[in-house]
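Trainee: I would like to see how this sequence folds:
(one chain, ligands or ions: 1)
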Amino acid sequence: MPRIALYPGSFDPPTNGHLSIIQRGLKMFDGLTVAVLRNPAKDALFTVEERAELLREAVNGDPRVTVKVFEGLLVKFAEQERVNTVLRGLRAVSDFEYEFQMANMNRKLDPEIETLFMMTGEDYFYISSRFVRDVARLGGDVTGLVPANVLRALKKRFDK
Ligand code: PNS
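Mentor: Residues are numbered from 1 along each chain as shown. Down below sits the predicted model:
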């Protein structure tokens, strides 16, 4: 049986931090299902379909990576996908509390599901989708923080 992990997130937009977790996750798992949350409550820059496509392009069609959109509870999606490991990146102490609560809530909802954390590489610990969005919106340069296709998509979105 191939070992697959679920790597969920908002990915609005995908960053090099996300890509680094995907690449490193692939050293531990045979495949990853990247799960993009459809969250109607959140004001998004890119639609979920655009984010999923940006992720697919960014992994260069790597057959080990499947990108899917999900809505509702993560544990339900994991059950549906028959995957019981959730992979999350951990940047700084500030991430810890939220991630700790989420992992425990998910374990309460489904004790079969384990969350595995990978420390973000030192080059990426300060990158977040939110900052990338803000900086790009305000005309700052996010070269090196996001994959080339995301950089193009951001330029297209914000260039007048
Ligand atoms: O990239 P993000 O925004 O930190 O990802 C958060 C995500 C998508 C992993 C999380 O919000 C999620 O799993 N949402 C689905 C709803 C859910 O299962 N909630 C209960 C767990 S707290």
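Trainee: around the ligand, which positions in the chain sit nearby?
Mentor: Neighbours of the ligand within the chain, by Cβ under 6 Å from any ligand atom: 8, 9, 10, 37, 73, 74, 102, 105, 106. (C-beta placed from N, C-alpha, C; glycine too.)
Trainee: from those residues, which two are the most distant?
Mentor: Farthest apart among the residues of the chain next to the ligand by Cβ to Cβ are 10 and 105. That separation is 17.0 Å.
Trainee: so which of those two has more stuff around it?
Mentor: residue 10 (17 against 12; other Cβ atoms under 10 Å).
Trainee: OK, contacts around the more buried one?
Mentor: When contacts are counted by Cβ atoms under 8 Å, 6 or more residues apart in numbering, residue 10 is found next to 36, 37, 39, 42, 44, 51, 129.
Trainee: list the buried ones in stretch 100-108?
Mentor: For stretch 100-108, the neighbour count (16 or more other Cβ atoms under 10 Å) marks 103, 106 as buried.
Trainee: averaged pLDDT, that stretch. What do you get?
Mentor: Averaged over stretch 100-108, pLDDT sits at 97.
Trainee: identify the residues contacting it?
Mentor: With contact meaning Cβ under 8 Å, 6+ apart, stretch 100-108 is reached by 74, 75, 86, 88, 113, 114, 115, 117.
Trainee: before we move on, what about stretch 13-28?
Mentor: Here stretch 13-28 makes contact (Cβ under 8 Å, 6+ apart) with 3, 5, 7, 9, 11, 32, 34, 45-46, 51, 54-55, 58-59, 62, 64-65, 87, 89, 91, 118, 120-121, 123-125, 127-129, 132-133, 144-147, 150, 153-154.
Trainee: show me where the chain has strands.
Mentor: Ranges of strands in the chain, per DSSP state E, are 4-9, 31-37, 65-70, 85-90, 114-119.
Trainee: the last one to strand 4-9, inter-axis angle?
Mentor: Orientation note: strand 114-119 sits at an angle of 70 degrees relative to strand 4-9 (axes from the mean of the first three to the mean of the last three Cα atoms, to 10 degrees).
Trainee: so where is the protein shaky, pLDDT-wise?
Mentor: When residues are selected by pLDDT under 70, those of the chain lie in 160.
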